[in-house]
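Colleague: A structural model of the following input is requested.
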Amino acid sequence: MMYSTSSPARRAVATFLAAGKPEQQRQTGAVTLRSILYTARRAVATLLAASLAASFASAAVASAEEGPKLVRVGAAVTADGEIDRAAYSKLAPWPRADGGYLYSGCYPGAPLLADTIGADRCFMSVDLRDPAQPRRVATVHTYDLERSPAPPPDHAVWSPDYPFANLPVEVPCRIDWSDEDIAAGRKPPACWDPGWNTQSHYVAAIPGKLLAVNQERFRYGTHRQANYHGVRFYDLSDPTEPRFLSYWEAPVSEPDPATGVYPDARGVHHFNFDGSHLFLGTEYRGYVGRVMVILDVGDPRTPVEVGRWALPGQKTPDEDAQRNWIQQRLFSRPIVKTEDGRWTRFVGMHYVTVRDDVAYLAYHQAGLVILDVGDVRAPELLAWADYLNPGADPTNPNVAACLKAAGGRPAACGNTHTARPVPGRDLLVVEDEFFTCPYGHVRLFDIRDPSRPALLSHFLFDENLACDPDRPMSSTEPDRFPIRGPSSHMGIAWDRDTYLTTWYGLGLQVIDISDPREPRAIGRYGYRIADELDQHQPEYAGSDTYDVVIGPEGYLYVADATAGLRVLRFTGREPAGEQVR
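Modeller: Residues are numbered from 1 along each chain as shown. Coordinates of the predicted model:
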């Protein structure tokens, strides 16, 4: 089903965005700042209202049409030839794995490898010499499995109220975790290895040369013990034995003396290379939420921070008075107004893509930020499209469902996850990741003038808006989506007119973007982990489709964050035009 906003609605959007009321200017829409003196530490950026008014968004609610097909032709195997049940996550190199090897982080949890020690705190090298049957040839963990065995998942040390916080760091650290006094909290462990409390679900690569691996607090870990919080770099001269080169560590605060909690040590989340620079998002001492940091890795043995950028209001305590939001703990909750007039939102730099010295930042619930990074030491704000403020975008098809999810209060539902330019076009694909109903969807922006991004359309499926009337933040089909719901995540351009994107519970989707005002679903690959891996428990009745890259000979590699790496062939359009490099 396809529909576009009506002419009266378009006039309403223009009127709303042109009104220019002071509060709306501060909190909604989008505005260019190229010609305005920008004082980052004194004022919140004026928003890009004019560009949204200039180009009215249409919305497409889609069911995949008959057309090109995605066919499964294989799956990754372990070194001994068994089907690999590892929890794959971010794949590299992106968008094309054409160097003979593929790398993946290990997604935390790894339920089908629950008996495999360290399976959820690692990264992996995968040999693509047989492109239809990739073989995992190396697994590198965040800690030494033999010399520094981690506490078992059910040990009391992981509990938020374990009596001994901030244990002394020692690497390696060998503890008898079966000691009843340690488990009962009567005796503290003698030491703590931060690698136990660290996950590496994200990787980025310069093929044959360098791999960057994130260091982030383990999702099932503890805020009251140390974890690594930065990026590790590895030499890929021999992909079967990645060689550690260096570790860049983000500055963090000391733990709270009253609670033992490390307030800003969650660590590095996502990043991308642009030449010899790595653009990353991380928590950082003196800021609320993640900020963007730029590292010079020209010599990867000594990475150096050369640039940093934060949204006005993030710096603390300097900008506490101008912060017009309350930082909420989770990004999959509606943005609503509090009694003091501020909005609850999860603000932080999540993902960045750089093209032609312009950085496109997905900034969680602060929307889309565009920077001039021609001088990496002094990034300059070009645009801030803060479209997730309640009322900022009346064309958003999830407004009514979001209102119900928020209990009838004015609200916005969404979380900007990725922003990726389409090769050869002035088009930006922006994808939400929102795990409650209404689920995350795709927006397309015109970026001919990066200082004035224009929202062209929304793209989503019926399932995105199918919210349970009695439980409006949940799907009407919970048995179909037992792992994660039908939210968009991230994708790649197959060519200038075709976009492949992972959609968690809806598998891999193919979108025709030849007319960016009317995107169409033209193919998909859906699957159930229960069927493909012979796991017939209800919790595996869906998919957890996480990432996709293009491999040699046109193969597609699709990561599932619960289990497995699937190999597909796209039987539709041949790759054409410039590819993102």
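Colleague: Does V73 belong to a helix, a strand or coil?
Modeller: Local secondary structure at V73 is given as strand here, using DSSP: H, G, I helix; E, B strand; the rest coil.
Colleague: Kindly state the pLDDT recorded for it?
Modeller: Model confidence at V73, given as pLDDT, is 95.
Colleague: what about the helices in the stretch 351-500 of the chain?
Modeller: 399-405 (DSSP state H, counting those that start in this stretch).
Colleague: Once you drop chain neighbours, what's closest to the spatially most central residue of the chain?
Modeller: The central residue of the chain, meaning the one whose C-alpha is nearest the mean C-alpha position (CA atoms, centre = their mean), is H417 at 4.9 Å. Closest residue in space to H417, ignoring its immediate chain neighbours: E433 at 3.7 Å, by CB to CB, 6 or more residues apart in numbering. Where C-beta positions appear, they are placed from N, C-alpha and C, glycine not excepted.
Colleague: Would you agree the residue nearest to the centre of the chain is in contact with Y351?
Modeller: Yes - contact status for H417 versus Y351: in contact at 6.3 Å, counting by CB atoms under 8 Å.
Colleague: how many neighbours does the nearest residue to T545 once chain neighbours are set aside have?
Modeller: Nearest-residue entry for T545: T502, 4.4 Å, with adjacent residues in sequence omitted and distances by CB to CB, 6+ apart. Other residues within reach of T502, judged by other CB atoms under 10 Å, total 25.
Colleague: Tell me which residues touch T502, please.
Modeller: Residues counted as contacts of T502 (CB atoms under 8 Å, 6 or more residues apart in numbering) are S488, H489, M490, G491, L508, Q509, T545, Y546, D547, V548, V558, A559.
Colleague: Could you double-check that the fourth one lies in contact with T498?
Modeller: In other words, G491. No - under the criterion of CB under 8 Å, G491 lies out of contact with T498, with a separation of 10.3 Å.
Colleague: So which of the contacts of T502 belong to strands?
Modeller: Using DSSP state E, the members of the contacts of T502 that fall within strands are G491, L508, Q509, T545, Y546, D547, V548, V558, A559.
Colleague: How about the second one: what's its closest non-neighbour residue?
Modeller: With CB to CB, 6+ apart as the criterion, L508 has its nearest non-adjacent residue at 4.5 Å, and that residue is Y525.
Colleague: residues contacting the residue nearest to the centre of the chain?
Modeller: The contact partners of H417, by CB under 8 Å, 6+ apart, come to H350, Y351, A362, E431, D432, E433, G440, S488, H489, M490.
Colleague: so which helix or strand takes in the residue lying closest to P207 once chain neighbours are set aside?
Modeller: The shortest distance from P207 to any residue that is not its chain neighbour, by CB to CB, 6+ apart, is 3.4 Å, and that residue is G99. Taking DSSP states H and E as the criterion, G99 maps to no regular element, lying outside all helices and strands.
Colleague: tally of neighbours for G99?
Modeller: When neighbours are defined as other CB under 10 Å, G99 has 17 of them.
Colleague: Assess the claim that P163 and A183 are in contact.
Modeller: No - counting by CB under 8 Å, P163 stays clear of A183, with 11.7 Å between them.
Colleague: Now A183. Its backbone dihedrals?
Modeller: With angles defined as degrees, to the nearest 10, A183 shows backbone torsions of phi -60, psi -30.
Colleague: And the pLDDT at the residue lying closest to it once chain neighbours are set aside?
Modeller: Of all residues not flanking A183 in the chain, A156 sits nearest, at 5.1 Å (CB to CB, 6+ apart). What the model reports as pLDDT for A156 is 96.
Colleague: so how far is L145 from A156?
Modeller: Separation of A156 from L145 (CB to CB, to the nearest Å): 21 Å.
Colleague: contacting residues around S276?
Modeller: Residues in contact with S276 (CB under 8 Å, 6+ apart) are D296, V297, G298.
Colleague: Contacts only, for A466.
Modeller: For A466, counting by CB under 8 Å, 6+ apart, the contacting residues are C437, S475, T476, E477.
Colleague: wait, D144
Modeller: For D144, the contact set (CB under 8 Å, 6+ apart) comprises V171, P172, G195.
Colleague: Just the buried ones among those residues, please.
Modeller: Among those, those that count as buried by neighbour count (16 or more other CB atoms under 10 Å) are G195.
Colleague: now the closest residue to P93 other than its chain neighbours, which residues is it bridged with?
Modeller: Taking CB to CB, 6+ apart, and ignoring the residues beside it in sequence, P93 has A205 as its nearest neighbour in space, at 4.4 Å. Applying DSSP bridges to A205 gives these bridge partners: L211.
Colleague: Look up how far P168 lies from A205.
Modeller: 35 Å.
Colleague: Ok, Y247 next?
Modeller: As for Y247, its distance to P168 is 20 Å (criterion: CB to CB).
Colleague: One more: T240?
Modeller: Between T240 and P168 the distance, using CB to CB, works out to 35 Å.
Colleague: returning to what we had before: which residues are in contact with the residue nearest to H417?
Modeller: By CB under 8 Å, 6+ apart, the contact set of E433 is F331, S332, N415, H417, G440, S487, S488, H489.
Colleague: hang on, the earlier thing: could you export the contacts of H417 as JSON lines, including pLDDT?
Modeller: Listed next are the contacts of H417 as JSON lines, based on pLDDT from 0 to 100:
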{"residue": "H350", "pLDDT": "97"}
{"residue": "Y351", "pLDDT": "97"}
{"residue": "A362", "pLDDT": "98"}
{"residue": "E431", "pLDDT": "98"}
{"residue": "D432", "pLDDT": "97"}
{"residue": "E433", "pLDDT": "97"}
{"residue": "G440", "pLDDT": "98"}
{"residue": "S488", "pLDDT": "98"}
{"residue": "H489", "pLDDT": "98"}
{"residue": "M490", "pLDDT": "97"}
